[in-house]
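Visitor: Could you work out the structure for the sequence below:
(2 chains)
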Protein chains: 2
Amino acid sequence: MRPSGNLAAWAAHDCGSGSPPSVGPYPSDVERVKLADVARAAGVHSGTASRALNPATRDQVSRDTARRIVKTAERLGYVPNAQARALRTARSFLVAIVVPDITNPLFPPIVRGAERVLTDAGYTVLLTDTDNDLLRERRQIESLLGRGADGFIIATALWKDPLLEELASAGVPAVLANRNTSSGRWPYVGGDERVGIALAVDHLAELGHRQIVHLAGPQNSSTGRERAAAFRQAARSRGLGPSEARVRACSSYTEVAGEQSMTRLLASGTKFTAIVAGNDLIALGVMDVLERAGLRCPEDVSLVGFNDMPFVDKLNPPLTTVRLPLEQMGALAAQTLLSELDRSGISKLRSTSLLPVELVVRRSTAALEESGRR
Amino acid sequence: MRPSGNLAAWAAHDCGSGSPPSVGPYPSDVERVKLADVARAAGVHSGTASRALNPATRDQVSRDTARRIVKTAERLGYVPNAQARALRTARSFLVAIVVPDITNPLFPPIVRGAERVLTDAGYTVLLTDTDNDLLRERRQIESLLGRGADGFIIATALWKDPLLEELASAGVPAVLANRNTSSGRWPYVGGDERVGIALAVDHLAELGHRQIVHLAGPQNSSTGRERAAAFRQAARSRGLGPSEARVRACSSYTEVAGEQSMTRLLASGTKFTAIVAGNDLIALGVMDVLERAGLRCPEDVSLVGFNDMPFVDKLNPPLTTVRLPLEQMGALAAQTLLSELDRSGISKLRSTSLLPVELVVRRSTAALEESGRR
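Guide: Just a heads-up that it's a prediction; the model follows:
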């Protein structure tokens, strides 16, 4: 598909110059508290106040002075004039966060972490929910480019993602969160999938399990692929053979896909005593099928999830899972994007940040001695 | 607090005129698919294509023709030119959704419902998470006004809300979702709190419960107040006296506040066999305290939540609760805002839409015969 509309426009656009965006039809100097007012009230020069109020230059001012100026600005109700700032910097100060489904509990903490960093840096956040629809995603990103978004935090990446390739070629500033692409053309912030899966497999092996199935996430996502590869590797290093450690991929990261995959696993006659689910939503589907089949968790089957999304500690049984620091992931993605934006034009570092994970042991896993040995 | 900064600017602004916003620094006619291209490919006049592609005028075109034109536009990758449209209409086509905490599972479905309607109508959605911080909320709304946001969907309303009063006086278009204010100056879309609470009380009364406590939401929110009033009324109409039906307010809609309130209730020596929680998060806190106190739900205490937020069907026990149609609430709030925007200048209707609720009976409630009668 050729770049169309705003994407083509962006590609043709000389980044960093061009006419600056205006930000609204409202006069902006009626009763407005100005930078000079803040400086006067804080007893500093305007330049000092400006540096203290800009997170990017705040460290050029002593910490006590910066704190005093920020407090003064808050007390006076000072709001940086977005229009004036945009004129000065040729930025729109709009950043878009693109998620596949905001009702998936994985994403709100990521959005919150990113939003806080971006808002504190003076950006306004656009939220786009693609509803896992590629055409919708393309239209929405085109529309955001048309609005002059400065950059994107994208949590919808596919392993092979033509739209992201086009955006990369067009030089659009973006950071990928949670999911990466095969091309590695973007800065990426995610969890350490390999360590997470290794912790899960080690935990099950220490409990005596040797027949373990990985109900993997979709293989068109980096997380689905990385976790499956990590599972195979961890199983090998624990001395488990291919007949003991099996991988079956789910069609998506949903409860329904987990149910389907688990139903097929039961029908297949494969022997297993433990399951590593591709994520917590898949684990929820597994729990439903186990209950309907009259199998108890963890007495008959041990189960480990991935993500530690909100409320899995309240499930019956509370779910053992791999915890990702989701708010930090969002915050770091935002910080990475901000530093990308600060050096636009300069050759960009394709950084990859893997955040540390930990295994949270709850009651969905138990020693094999207690298990029913299917 | 006097209106400051952008809010004062808005108040001084002659709505509907003013210079139109520009939307970005990017040239917009490079390889762009134009309306004329869509019209030609669909075999209609440009005017017909324009009417079909604008949700506000689509019903002026026959349904089959409109569908054909929309499909053609999608096939060609037509993106309405936001800049041209803004010039024509003096709108920014930005709408902000303001939520108190996006990680509270109540809000993502509301955001999703609103976002879908707004995106389909050609708007871009700004998400603002105030983190339940009044100063942060004020700064963010000021900043969004500075960007020329066309309107707001606000899910953070307090019962007495000085900021919202200022916005109303300034004539800012907005719709309140989920929570209302005492002044009634805004269109409001929420759930039918009274019917929901009455269903909960009736359900418990039919199970034989007469000693029922309402752990109400915070009384600075309309939902907390309305549900508490509805509880008193429902209890009276069921013949329960003030010593049988008691109300205790929690400090916030959180699990922690629910825990605190439930701990105090147990310490108070009040007799009860059932609890109506102000919302599902409060119910979660109640469950934790019951478990720690060695009390079983529902055998010792029946428990009803409110909202039917995602995953409460997976709790142990699955929670009986009042279901609000959250996505529809968001969608209707968005539609209400769009019709507000379409008749700006005309006297506005302060509509109130209460969406129907239903009781979802799960396993956290049981007949008193089975209960331990505390």
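
Visitor: Name the next helix or strand downstream of the worst-scoring helix or strand of chain A on mean pLDDT, please.
Guide: Ranking every helix and strand in chain A by mean pLDDT, DSSP states H and E puts helix A:82-89 at the bottom, with a mean of 51. Scanning forward in sequence from helix A:82-89 by DSSP states H and E, the next helix or strand is strand A:94-99.

Visitor: which residues of chain A score low on pLDDT?
Guide: Chain A contains residues with pLDDT under 70 at A:1-32, A:55-56, A:79-90, A:343-350, A:369-374.

Visitor: Could I get the full set of strands for it?
Guide: In chain A, the segments counted as strands under DSSP state E are A:94-99, A:124-129, A:151-154, A:174-177, A:188-191, A:212-216, A:245-249, A:274-277, A:302-307, A:320-323, A:352-355, A:358-360.

Visitor: Tell me how far residue A:232 lies from residue A:196.
Guide: Residue A:232 sits 14 Å away from residue A:196, going by C-beta to C-beta, to the nearest Å. (Glycine included, C-beta is placed from N, CA and C.)

Visitor: of the two, who's got more company?
Guide: A direct count of neighbours by other C-beta atoms under 10 Å in any protein chain shown for residue A:232 and residue A:196 places residue A:196 higher, at 27 against 17.

Visitor: Quick check: that one touching residue A:308?
Guide: No - with contacts counted by C-beta atoms under 8 Å, residue A:196 stays clear of residue A:308, the gap being 10.0 Å.

Visitor: what residues do the two have in common as contacts?
Guide: A:322, A:324 (C-beta atoms under 8 Å, 6 or more residues apart in numbering or on different chains).

Visitor: Looking at the stretch 151-300 of chain A, what residue ends up closest to chain B?
Guide: Ranked by C-beta to the nearest C-beta, the top residue of the stretch 151-300 of chain A for proximity to chain B is residue A:284, at 6.4 Å.

Visitor: From residue B:360, how far out is whichever residue of the stretch 251-374 of chain A sits closest to chain B?
Guide: Taking C-beta to the nearest C-beta, chain B has its nearest neighbour within the stretch 251-374 of chain A at residue A:316, 3.2 Å off. The spacing between residue A:316 and residue B:360, counted by C-beta to C-beta, is 17 Å.

Visitor: Check residue A:259 too.
Guide: Counting by C-beta to C-beta, the separation of residue A:259 from residue B:360 is 20 Å.

Visitor: returning to what we had before: take the strands of chain A and lay them out in TSV including distance to chain B.
Guide: Listed next are those as TSV, based on distance: least, C-beta to the nearest C-beta, whole Å:
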stretch	distance to chain B
strand A:94-99	8
strand A:124-129	4
strand A:151-154	12
strand A:174-177	15
strand A:188-191	18
strand A:212-216	18
strand A:245-249	23
strand A:274-277	14
strand A:302-307	12
strand A:320-323	14
strand A:352-355	18
strand A:358-360	17
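
Visitor: Can you tell me which of those is most buried?
Guide: strand A:274-277 (a mean of 30; mean count of other C-beta atoms under 10 Å in any protein chain shown).

Visitor: what distance separates it from the centre of its chain?
Guide: Relative to its chain's centre, strand A:274-277 lies at 23 Å (C-alpha atoms, centre = their mean, to the nearest Å).

Visitor: Which residues does it contact?
Guide: Defining contact as C-beta under 8 Å, 6+ apart, one finds that strand A:274-277 is touched by A:197, A:200-201, A:204, A:207, A:209, A:211-215, A:231, A:258, A:262, A:283, A:286, A:301-306, A:365.

Visitor: Within its sheet, name the partner strands of that strand and how each one runs.
Guide: strand A:212-216 (parallel), strand A:302-307 (parallel) (DSSP bridges).

Visitor: How about residues contacting the last one?
Guide: What that stands for is strand A:302-307. Here strand A:302-307 makes contact (C-beta under 8 Å, 6+ apart) with A:106, A:196-197, A:200, A:203-204, A:207, A:209, A:227, A:273-280, A:282-283, A:286-287, A:290, A:297, A:312, A:319-324, A:326, A:359, A:364-366, A:371.

Visitor: Alpha carbons of that strand, in CSV - could you do that?
Guide: Coordinates of the C-alpha atoms in strand A:302-307 are reproduced here as CSV (Å, rounded to 0.1, in the frame of the first residue of the first chain):
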residue,chain,number,x,y,z
SER,A,302,-1.2,-25.4,37.8
LEU,A,303,-1.5,-22.1,35.9
VAL,A,304,0.8,-19.1,35.4
GLY,A,305,-0.3,-15.9,33.7
PHE,A,306,1.7,-12.9,32.4
ASN,A,307,1.3,-9.2,33.1
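
Visitor: what's the closest non-adjacent residue to residue A:107?
Guide: Using C-beta to C-beta, 6 or more residues apart in numbering or on different chains and skipping the chain neighbours, the partner closest in space to residue A:107 is residue A:99 (4.5 Å).

Visitor: residue contacts, that neighbour?
Guide: So residue A:99 contacts A:107, A:110-111, A:127-130, A:155-156 (C-beta under 8 Å, 6+ apart).

Visitor: closest point of the stretch 51-200 of chain A to chain B, which residue?
Guide: For the stretch 51-200 of chain A, C-beta to the nearest C-beta, closest residue to chain B: residue A:148, 2.4 Å.

Visitor: list the contacts for the residue of the stretch 151-300 of chain A closest to chain B?
Guide: Residue A:284 makes contact with A:255, A:258, A:315, B:311, B:314 under the criterion C-beta under 8 Å, 6+ apart.

Visitor: Show me the residues you listed that map onto helices.
Guide: Judged by DSSP state H, the contacts of residue A:284 include A:255, A:258 as members of helices.

Visitor: What's opposite residue A:128 in the beta bridge?
Guide: Here residue A:128 shows beta-bridge partners residue A:98, assigned using DSSP bridges.

Visitor: okay but it is in contact with residue A:98, surely?
Guide: Yes - judged on C-beta under 8 Å, residue A:128 makes contact with residue A:98 at a distance of 4.7 Å.

Visitor: List of residues touching stretch A:106-113?
Guide: The contact list for stretch A:106-113 (C-beta under 8 Å, 6+ apart) reads A:97, A:99-102, A:127, A:155, A:177-178, A:279, A:307, A:309-310, A:326-334, B:101-103, B:105, B:107-108, B:127, B:129, B:131.

Visitor: quick one: which of those sit in helices?
Guide: A:326-334, B:107-108.

Visitor: And stretch A:161-172, what's buried?
Guide: A:161, A:163-164, A:166-168, A:170, A:172 (16 or more other C-beta atoms under 10 Å in any protein chain shown).

Visitor: Okay, and which of those map to helices?
Guide: Members of the buried residues of stretch A:161-172 lying in helices (criterion: DSSP H): A:163-164, A:166-168.

Visitor: would you turn those residues into CSV with distance to chain B?
Guide: Converted to CSV, those look like this (distance: C-beta to the nearest C-beta, whole Å):
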residue, distance to chain B
A:163, 12
A:164, 17
A:166, 12
A:167, 14
A:168, 17
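
Visitor: Now do the same contact list for residue A:353.
Guide: A:187-190, A:332, A:336.

Visitor: Which residues of the stretch 151-300 of chain A lie near chain B?
Guide: Counting by C-beta under 8 Å from any C-beta of the partner chain, the positions of the stretch 151-300 of chain A adjacent to chain B are A:284, A:287.

Visitor: my read: residue A:115 touches residue A:125, true?
Guide: Yes - assessed by C-beta under 8 Å, residue A:115 is found in contact with residue A:125 at 4.9 Å.

Visitor: Between those two, which contacts overlap?
Guide: Common neighbours of residue A:115 and residue A:125 are listed as A:97, B:127-128 (criterion: C-beta under 8 Å, 6+ apart).

Visitor: Just flag the most distant two among the ones in helices among the contacts of stretch A:106-113.
Guide: Farthest apart among the ones in helices among the contacts of stretch A:106-113 by C-beta to C-beta are A:332 and B:107. That separation is 23.4 Å.

Visitor: higher neighbour count, these two?
Guide: Each of residue A:332 and residue B:107 has its neighbours counted (other C-beta under 10 Å); residue B:107 has more, 26 against 22.
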